[in-house]
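Chemist: coords below, sequence missing:
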């Protein structure tokens with residue numbers, strides 16, 4: 001652990017000498033006419049994580065007991081291509097890999113994150129699209145851009161069905177979106193992906209025979225500056241470049257999306273999936289004092305009785321003797337009430353063109369299946385070498401460990417994880 005912290009200090013010390021560069025502008029964009037309303041644009045990015053993980057009790061890594069793990073992994077490597085070559089017609093293709101670690105698949109293939117054809121029906125007010133899309137309901141953060149998070153990453157509770165019956169938070173379906181004065185909206189009708197396998201006896205999971213449609217929507221009032229909705233991705237922090245105050249609400253519903261198995265394995269009961277959310281986002285420059293970013297969201301998640309999903313980002317561990325499972329898994333999603341809030345302050349000082357932004361994030365989950373709340377905290381700061389185009393993030397995460405209690409599971413311990421992210425995009 002001491003060696004890991006020393007490496008972190010050296011890394012930040014070397015970056016302190018970095019210089020800012022000129023304005024990025026529109027990036028890799030090719031205008032096809034003088035007006036610039038017909039164009040092609042490319043964006044590529046990479047996020048690399050260097051980690052020290054205090055694993056869950058009983059974890060093994062590659063068959064060996066591992067109280068701690070240190071590693072380097074690829075959180076995201078992506079390529080986004082989009083353009084409006086013809087009037088009112090936009091095509092978007094998003095490719096990439098995620099979560100490559102030292103002990104999962106080698107040479108992972110790029111897969112399609114999104115592939116969308118979109119038509120402008122009414123200027124600014126109504127766009128219609130179809131394909132594998134990211135026009136999600138529930139909340140602002142369910143549509144989050146992975147390029148400009150405030151914290152190092154999303155809390156994951158914002159993507160409640162991720163890789164359950166969707167494709168990395170994307171869905172096959174139809175959508176409509178637009179802006180009516182200051183009301184920004186998106187609505188989608190999807191066909192969720194098929195799942196394989198039934199839940200174990202006494203368990204509940206996604207229904208392999210659901211074969212139903214799913215509806216999603218999200219609406220937000222924009223009280224200050226209006227945000228762009230050309231792309232589906234919402235910004236995590238504007239670094240003082242906008243004055244934004246939005247309040248939004250959304251939902252996701254699918255009939256018979258879940259399946260519960262009786263303890264004897266003889267009775268199968270389907271349940272509807274319903275998730276609702278209400279949120280607010282503030283991003284304000286403060287004259288002479290930098291900029292403030294804050295976000296808060298409440299989710300009601302109903303996957304059926306006592307559903308809990310334990311998950312860990314880039315989890316390299318297996319086994320485990322707690323209810324969390326191995327590695328860095330924690331109860332991130334499940335039937336109950338979930339609250340998440342984050343806040344950050346972009347400091348006004350700019351030594352050698354660098355910007356610093358400390359932040360704090362807290363998720364509190366009141367899970368139906370557990371007796372005590374699941375509280376997960378993130379504390380860290382961003383070092384911006386060139387805005388979001390080149391940054392380093394140091395993040396400390398603290399998570400709960402659950403074991404059986406007298407009635408329901410209770411928190412019995414806590415574990416830590418320290419990550420240094422180096423990220424860039426253009």
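Modeler: Received it, and whenever you're ready, just let me know what you need. Bear in mind that the values here come from a model prediction, so they are computed numbers and not experimental data. Numbering: from 1, shown residues only.

Chemist: residue 276: which element?
Modeler: Using DSSP states H and E, the element containing residue 276 is strand 268-286.

Chemist: sheet partners, orientation included, of that strand?
Modeler: Counting by DSSP bridges, the strands paired with strand 268-286 are strand 244-261 (antiparallel), strand 290-302 (antiparallel).

Chemist: please tabulate the ones you listed in a markdown table, including the columns mean neighbour count and mean pLDDT.
Modeler: The way it works is simple: take the backbone N, C-alpha and C, and place the C-beta from them, glycine included. Compiled in a markdown table, those are given as follows (neighbours: other C-beta atoms under 10 Å; pLDDT from 0 to 100):
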| stretch | mean neighbour count | mean pLDDT |
| --- | --- | --- |
| strand 244-261 | 20 | 98 |
| strand 290-302 | 20 | 98 |
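
Chemist: want to try TSV for those, with distance to residue 73 as columns?
Modeler: Compiled in TSV, the strands paired with strand 268-286 are given as follows (distance: least, C-beta to C-beta, whole Å):
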stretch	distance to residue 73
strand 244-261	30
strand 290-302	26
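
Chemist: of all those strands, which lies closest to residue 48?
Modeler: Between residue 48 and the strands paired with strand 268-286, the tightest spacing by C-beta to C-beta is seen for strand 290-302, at 23.7 Å.

Chemist: can you get me a residue count around residue 102?
Modeler: As a burial measure, the neighbour count of residue 102 was computed by other C-beta atoms under 10 Å and equals 12.

Chemist: tell me the secondary structure at the nearest residue to it once chain neighbours are set aside.
Modeler: Once its chain neighbours are removed from consideration, residue 102 has its nearest residue in residue 71; the separation is 5.5 Å (C-beta to C-beta, 6 or more residues apart in numbering). When states are read from DSSP: H, G, I helix; E, B strand; the rest coil, the local structure at residue 71 comes out as strand.

Chemist: what is the burial count for residue 71?
Modeler: Applying the criterion other C-beta under 10 Å, we find 15 residues in the vicinity of residue 71.

Chemist: would you check that it makes contact with residue 99?
Modeler: No. Because the distance of 11.8 Å does not satisfy C-beta atoms under 8 Å, residue 71 is recorded as not touching residue 99.

Chemist: give the rounded mean pLDDT of the strand holding residue 276.
Modeler: Average pLDDT, strand 268-286: 98.

Chemist: what's the answer for stretch 86-100, then?
Modeler: Mean pLDDT, taken over the full extent of stretch 86-100, equals 96.

Chemist: what comes into contact with that stretch?
Modeler: By C-beta atoms under 8 Å, 6 or more residues apart in numbering, the list of residues contacting stretch 86-100 from outside reads 37-38, 73-85, 108-120, 127, 129, 134, 168, 231, 313-314.

Chemist: in the stretch 1-150 of the chain, which spans are helices?
Modeler: Under the criterion DSSP state H, counting those that start in this stretch, helices of the stretch 1-150 of the chain are mapped to 2-15.

Chemist: in it, where is pLDDT below threshold?
Modeler: Screening the stretch 1-150 of the chain residue by residue with the criterion pLDDT under 70, one finds the ranges 1-26.

Chemist: for residue 197, which non-adjacent residue is spatially closest?
Modeler: Nearest-residue entry for residue 197: residue 208, 6.5 Å, with adjacent residues in sequence omitted and distances by C-beta to C-beta, 6+ apart.

Chemist: quick one: that neighbour is in a strand?
Modeler: No. With the criterion set as three-state DSSP, the secondary structure at residue 208 is coil rather than a strand.

Chemist: does it touch residue 257 like I think?
Modeler: No. Here residue 208 does not reach residue 257: they are 10.9 Å apart, not a contact under C-beta under 8 Å.

Chemist: about what we covered before: which one, of the strands paired with strand 268-286, ends up nearest to residue 56?
Modeler: Ranked by C-beta to C-beta, the member of these that lies closest to residue 56 is strand 290-302, at 22.7 Å.

Chemist: do you know how far residue 72 is from residue 247?
Modeler: Taking C-beta to C-beta, to the nearest Å as the criterion, residue 72 is separated from residue 247 by 40 Å.
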